[in-house]
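>>> pasting the sequence and the predicted model now:
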There are 2 protein chains.
Amino acid sequence: MGENTARRGANWEARRQAIIDTSAKVFAQGGYHGTGIAELCEANDLGKGALYHYIGSKEELLVAITDLVMDEVLAGVDRVAASDGTPAERLRMLGNEYLDILVRYPDHVWVLLHEFPALTGERATEFHKRRHVFESAVETIIRDGVKAGAFRKTQPRLAALAWLGMHNHAYLWLHPGGKWSAGDVAENFADLFLDGITPSA
Amino acid sequence: MGENTARRGANWEARRQAIIDTSAKVFAQGGYHGTGIAELCEANDLGKGALYHYIGSKEELLVAITDLVMDEVLAGVDRVAASDGTPAERLRMLGNEYLDILVRYPDHVWVLLHEFPALTGERATEFHKRRHVFESAVETIIRDGVKAGAFRKTQPRLAALAWLGMHNHAYLWLHPGGKWSAGDVAENFADLFLDGITPSA
DNA sequence: AGTCTTCTGTACCGATCGGTACAGTAGCGC
DNA sequence: GCGCTACTGTACCGATCGGTACAGAAGACT
């Protein structure tokens, strides 16, 4: 993808992106398998011919949705890696980046976390590879912290899974314009993860 | 359900339960909407007629799977409520109960957490009601701890969501016979949630 | 043995599935 | 205005969807 942008109409790409976004919302409500092409056509106000002119296939649409999110996530990982904070600071920063994505793309993230098992073949392996980069980034920060004595001697993998669970799960209840902002939640979660719920005194 | 057990064959109930369990595994692999009746028939080695004799409908099958898990979860909540430990102890206990269920019914739990949006009508409201009981139980323990001064003055709801996220997410990687036992993970998570990852000194 | 209920396979239903073929329309370069 | 390509709606494809009808097989009870 990218090299075959070829001679497409001026706003082909923009139109395609709009379709991806709209479809993400529909998928988020009805599920990937639970949503038919007809439903997507109606939501995008397009005939089947027009729709397929932009998306290629239903699965490609799913790929586009998940790729969009993973692009953002990995960009966040890079920014954090490029920073030079302590492990605790980097963990805070990554939480902020991730929850921000979650609020900016609630539908896309829902689809990603819910329907990634529907990806097949090399699409699936590619996705797992990218997800592994993200999860490893968390684990590495924790491992660094343990090595530096800034963190307790926990099992880094298990601590990373706890961190990921806390943050991933937020896609179910953290919405733009809701009770909490991404920043609020990220701060609370970082405090909790770093210092626990027991008073320090 | 229950009052119309009526005159069913001796092992009708057992047969039905076996079908539910087998189908849970199939759903866990292919998703609810992604799995057809024909697939369920093959997995259960039954014709459509026979299958429908036991399950009524596809959605009833989904309900049976989710009910099984929720029955266990709420039984765990009751046991914890009946105990008289400190908030910290009760949180530990609940984590143990929950992760134990997660390991004993990995397929059922996967289906529950992944496909509950497919429930419709009063089935959906009933499910949400029962899930709320579970989530409130977590929140109440935390609220009690804060009130008693055993926990920091966090927002109980947010802390509960963190706790739930950590534990719920484990359905993706915690499997029977895997690297960690439910008890191991529960203990690590409780330590982490109570005291954080920063050394206490 | 006869009867009656429970159980099960087969055939079938209309609807919808994801996807394609293709003829036409619209808009841009000239 | 001409021509060419990008775009779009309609009709259609075979396959599968969830579910039903129903006849017969299999047991249990008498």
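Alright, I've got the coordinates.
>>> going forward, measure contacts between C-alpha atoms and count neighbours the same way
Noted.
>>> from DNA strand D, how far off is the spatially most central residue of chain A?
Centroid check for chain A by Cα atoms, centre = their mean gives residue A:69 as the closest residue, at 4.4 Å. Distance, residue A:69 to DNA strand D, using Cα to the nearest atom of the strand, to the nearest Å: 25 Å.
>>> now do the same contact list for that residue.
A:101, A:105, A:108, A:109, A:112 (Cα atoms under 8 Å, 6 or more residues apart in numbering or on different chains).
>>> then residue A:152?
A:146, B:197, B:198, B:199.
>>> quick one: the particular helix or strand that has residue A:165 in it to helix B:156-168, angle?
Applying DSSP states H and E as the criterion places residue A:165 in helix A:156-168. Between the axis of helix A:156-168 and that of helix B:156-168 there is an angle of 130 degrees, by axes from the mean of the first three to the mean of the last three Cα atoms, to 10 degrees.
>>> do the longest helix seen in chain A and DNA strand C meet?
Longest helix in chain A, counting residues (DSSP state H): helix A:121-148. No: among the residues of helix A:121-148, none lie within reach of DNA strand C under Cα under 7 Å from any atom of the strand; the closest is 13.6 Å away.
>>> name the SS class of residue A:150, please.
Under DSSP: H, G, I helix; E, B strand; the rest coil, residue A:150 falls in the coil class.
>>> angles on the backbone of the residue in chain A that DNA strand C sits nearest to, please.
Closest to DNA strand C within chain A is residue A:36: 3.0 Å, counting by Cα to the nearest atom of the strand. Dihedral angles of residue A:36 (phi, psi; degrees, to the nearest 10) stand at phi -90, psi 160.
>>> same question for residue A:151.
According to degrees, to the nearest 10, residue A:151 has phi -120, psi 160.
>>> that one touches residue B:199, doesn't it?
Yes: using Cα atoms under 8 Å, residue A:151 makes contact with residue B:199 at a distance of 5.8 Å.
>>> give me the more crowded residue out of these two.
The residue with more neighbours, out of residue A:151 and residue B:199, is residue A:151; 21 against 14, by other Cα atoms under 10 Å in any protein chain shown.
>>> distance of that one relative to residue A:18?
When distance is defined by Cα to Cα, to the nearest Å, residue A:151 is 44 Å away from residue A:18.
>>> repeat that for residue A:183.
Distance from residue A:183 to residue A:18, by Cα to Cα: 27 Å.
>>> try residue A:88
From residue A:88 across to residue A:18, the span is 38 Å (Cα to Cα).
>>> neighbour-wise, which of the two wins?
Set side by side, residue A:88 and residue A:18 show more neighbours around residue A:88, with 20 against 13, by other Cα under 10 Å.
>>> can you read off the pLDDT for that one?
Here, the pLDDT recorded for residue A:88 equals 97.
>>> same check, this time on residue A:12
Residue A:12 is assigned a pLDDT of 84 by the prediction.
>>> do the same with residue A:3
Note for residue A:3: predicted pLDDT of 36.
>>> next: the one 3 residues further on.
pLDDT, residue A:6: 50.
>>> please tell me how far residue A:60 sits from residue A:73.
Residue A:60 is 20 Å from residue A:73, by Cα to Cα.
>>> comparing these two, which residue is more hemmed in?
The neighbour comparison of residue A:60 against residue A:73 (other Cα under 10 Å) goes to residue A:73, with 23 against 14.
>>> do I have it right that the more buried one meets residue A:99?
No: between residue A:73 and residue A:99 there is no contact under Cα under 8 Å: 9.8 Å.
>>> now residue A:139: closest residue in space that isn't a chain neighbour?
residue A:160 (5.1 Å; Cα to Cα, 6 or more residues apart in numbering or on different chains).
>>> residues touching the one you found, list them.
In this structure, residue A:160 makes contact with A:135, A:138, A:139, A:142, judged by Cα under 8 Å, 6+ apart.
>>> now with 10 Å, please.
Neighbouring residues of residue A:160 by Cα atoms under 10 Å, 6 or more residues apart in numbering or on different chains: A:135, A:136, A:137, A:138, A:139, A:140, A:141, A:142, A:143, A:154, A:166.
>>> tally up the residues packed near residue A:80, please.
Residue A:80 - counted by other Cα under 10 Å - has 20 other residues nearby.
>>> give me the pLDDT for it.
Predicted confidence (pLDDT) for residue A:80: 98.
>>> can you name the residues that contact it?
Going by Cα under 10 Å, 6+ apart, residue A:80 touches A:74, A:89, A:90, A:91, A:92, A:93, A:94, A:97, A:137, A:141.
>>> kindly report the same for residue A:168.
Counting by Cα under 10 Å, 6+ apart, residue A:168 makes contact with A:98, A:99, A:102, A:109, A:110, A:113, A:161, A:162, B:162, B:165, B:166, B:169.
>>> once you drop chain neighbours, what's closest to the second one?
When you say that, I think you mean residue A:99. Nearest one to residue A:99, counting by Cα to Cα, 6+ apart, is residue A:182 at 5.4 Å.
>>> cool, the first one as well?
Nearest residue to residue A:98, sequence neighbours excluded (Cα to Cα, 6+ apart): residue A:73, at 6.5 Å.
>>> close to chain B, is stretch A:107-121?
Yes: counting by Cα under 10 Å from any Cα of the partner chain, chain B is contacted by stretch A:107-121 at A:113, A:114, A:115, A:117, A:118.
>>> export these to JSON lines and tack on pLDDT and secondary structure?
Output for these, formatted as JSON lines (pLDDT from 0 to 100; DSSP: H, G, I helix; E, B strand; the rest coil):
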{"residue": "A:113", "pLDDT": "96", "secondary structure": "helix"}
{"residue": "A:114", "pLDDT": "95", "secondary structure": "helix"}
{"residue": "A:115", "pLDDT": "95", "secondary structure": "helix"}
{"residue": "A:117", "pLDDT": "93", "secondary structure": "helix"}
{"residue": "A:118", "pLDDT": "92", "secondary structure": "helix"}
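>>> helices along chain A, start to end?
Under DSSP H, chain A gives helices at A:12-30, A:37-44, A:48-55, A:58-82, A:87-104, A:106-115, A:121-148, A:156-168, A:182-195.
>>> need those in a markdown table (columns: distance to residue B:24).
Below are the helices of chain A laid out as a markdown table (distance: least, Cα to Cα, whole Å):
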| stretch | distance to residue B:24 |
| --- | --- |
| helix A:12-30 | 20 |
| helix A:37-44 | 27 |
| helix A:48-55 | 33 |
| helix A:58-82 | 25 |
| helix A:87-104 | 30 |
| helix A:106-115 | 17 |
| helix A:121-148 | 23 |
| helix A:156-168 | 23 |
| helix A:182-195 | 33 |
